[in-house]
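> Structure for the following, please:
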Amino acid sequence: MSFFVDTHTHSEFSPDSKATVRDLLLRARDTGACGVCLTDHLDLDAPRNPGLFEFNIETQQKKISECASEIFPEGECRVLKGIEVGLTPENLEHSREYVSSHRFDQIIASIHFVDGEDPYIGNYYLDKTYRQAYSRVLQLVYETARDFGDFDVIGHFDYVARYAPYEVRDIRWKDFPDEMDAILRLLAENGKALEINTKTYDVHGDHLQVLDTGILRRFRELGGEFLTLGSDSHDPDRLCDKFETFAQVCENCGFPRLTYFENRKPRLYSPR
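Purely as a prediction, here's the structure:
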């Protein structure tokens with residue numbers, strides 16, 4: 001049986017999740033997953049709806065501990081406490097202060113809102129070419145991660161293409177070499193991880209988004225060591241979704257071992 005740690009999952013503490021902490025851990029037990037990290041949304045000062053993507057961290061972590069003790073009394077599964085911090089240039093200081101007052105195993109830094117718009121809704125793409133839309137987000141991924149600093153993993157760097165209305169709906173290194181190199185160098189030089197978010201590489205509308213392996217190979221060339229697999233599960237049935245497939249992709253690109261974080265430290269493991 002393969003050994004996997006799902007490093008990106010959402011529970012009832014995320015407003016868009018259909019899963020509970022208990023659901024996720026029961027699913028981990030039933031499928032034999034050897035690790036799961038709960039990374040609920042923290043998007044402070046979200047445009048149009050401040051407070052929507054916030055939660056009580058103490059309550060969430062207590063719930064995780066209680067469910068883990070009940071479902072895995074012998075510690076059969078690594079149950080990790082994380083957070084997905086949605087960054088904008090305006091909320092960096094607030095996010096840094098908030099996060100620094102708590103302890104986590106892993107912090108994911110993500111972009112969900114761009115210049116006051118949520119790409120999921122669609123208004124962000126108005127009056128932009130695909131190059132303009134994607135380049136702007138990649139620039140923000142780099143700048144906010146660089147300035148925020150207190151994170152372990154860059155989450156779904158290509159989220160902006162997931163719901164895009166363009167014919168081109170994959171982000172490829174050859175199309176954005178400067179923007180991608182800035183992100184990859186930042187990670188490689190600071191011992192951070194790049195996330196392969198398997199939810200992104202699914203059918204959205206009429207398009208199956210594809211992970212550009214050129215990005216992974218370039219990350220390796222620049223000295224990158226750490227890749228995480230995250231299902232971005234908002235439904236327990238998606239836990240570890242497509243991990244076998246993407247573990248092989250990672251290995252083919254020079255990453256025979258995957259990464260999870262425990263006590264903010266990278267842990268390399270072999271999925272087989």
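> CA only for contacts and neighbour counts going forward, please
Noted.
> where's Val85, which helix or strand?
strand 78-86 (DSSP states H and E).
> packing partners for that strand?
On a contact count with 3 or more CA pairs under 8 Å, 6 or more residues apart in numbering; DSSP states H and E, strand 78-86 meets strand 35-42, helix 57-71, strand 106-110.
> Can you check what angle separates it from helix 57-71?
150 degrees (axes from the mean of the first three to the mean of the last three CA atoms, to 10 degrees).
> Neighbouring strands of strand 78-86 in the sheet, and parallel or not?
strand 35-42 (parallel), strand 106-110 (parallel) (DSSP bridges).
> ok, now which ones touch Val249?
Thr213 (CA atoms under 8 Å, 6 or more residues apart in numbering).
> Relative to Asp40, how far out is it?
27 Å (CA to CA, to the nearest Å).
> With Leu208 instead?
According to CA to CA, Leu208 stands 26 Å off from Asp40.
> what about those two, which has more around it?
Using other CA atoms under 10 Å, the more surrounded residue of Leu208 and Asp40 is Asp40, with 29 against 14.
> for the more buried one, what are its contacts?
Applying CA under 8 Å, 6+ apart to Asp40 gives the contacts Thr9, His10, Ser11, Phe13, Ser14, Gly82, Ile83, Glu84.
> Asp105: which of those residues is nearest?
When the contacts of Asp40 are compared for distance to Asp105 (CA to CA), Gly82 wins out at 5.5 Å.
> Quick one: neighbours of the closest one, just the number.
The tally of other residues near Gly82 (other CA under 10 Å) stands at 27.
> Contacts only, for it.
Taking CA under 8 Å, 6+ apart as the test, what Gly82 contacts is Cys37, Leu38, Thr39, Asp40, Phe104, Asp105, Gln106, Ile107, Ile108.
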